Each structure stands twice: as C-alpha cells, then as structure tokens.
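>>> one predicted model, sequence on top.
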Amino acid sequence: MAVFDSVELASLAIFMPWIVKIVPGMFGFNK
C-alpha cells in the first residue's frame with residue numbers, strides 16, 4: 001500500500017499543475 005500511495009501522490013504531483021492550468025480554462029477563468 002505504501003508503494004501504491006507513493007505512486008498516487010507522484011501522479012497527483014505531476015497532474016495537479018496541468019489540472020490547475022486546464023480546468024480554469026474550461027470554466028472560462030484565466031490566470
């Protein structure tokens with residue numbers, strides 16, 4: 001489970017910046 005959690009956290013760390021950039025654009029917000 002520890003390994004799975006580490007992979008999950010790593011994936012979140014990789015995708016969160018992408019999500020933060022894309023999602024506001026989808027909803028019409030710009031930074």
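Nice, thanks for sending it over.

>>> neighbours around Glu8, how many?
With neighbours defined by other CB atoms under 10 Å, the count for Glu8 comes to 10. C-beta: built from backbone N, CA, C; applies to glycine.

>>> quick check: it vs Met16, distance?
Plainly put, Glu8 is 12 Å away from Met16 if you go by CB to CB, to the nearest Å.

>>> same check on Phe29?
Phe29 is 16 Å from Met16, where distance means CB to CB.

>>> read off the pLDDT value for Val3.
Reported pLDDT at Val3 in the predicted model: 71.

>>> in what helix or strand does it lie?
Assignment of secondary structure by DSSP states H and E places Val3 within helix 2-26.

>>> and that helix, which residues are buried?
Using 16 or more other CB atoms under 10 Å as the burial criterion, none of the residues of helix 2-26 qualify.

>>> pick out the residue nearest the middle of this protein.
Relative to the mean C-alpha position of the chain, the nearest C-alpha, by CA atoms, centre = their mean, is the one of Met16, at 1.7 Å.

>>> roughly how far does it sit from Val3?
Taken as CB to CB, the spacing of Met16 relative to Val3 amounts to 20 Å.

>>> do the same with Ile14
Note on Ile14: its distance to Val3, by CB to CB, is 17 Å.

>>> pLDDT below threshold where in the protein?
Along the chain, the model assigns pLDDT under 70 to residues 1-2, 4, 30-31.

>>> what do you get if the cut-off is 90, keeping everything else the same?
1-13, 15-31 (pLDDT under 90).
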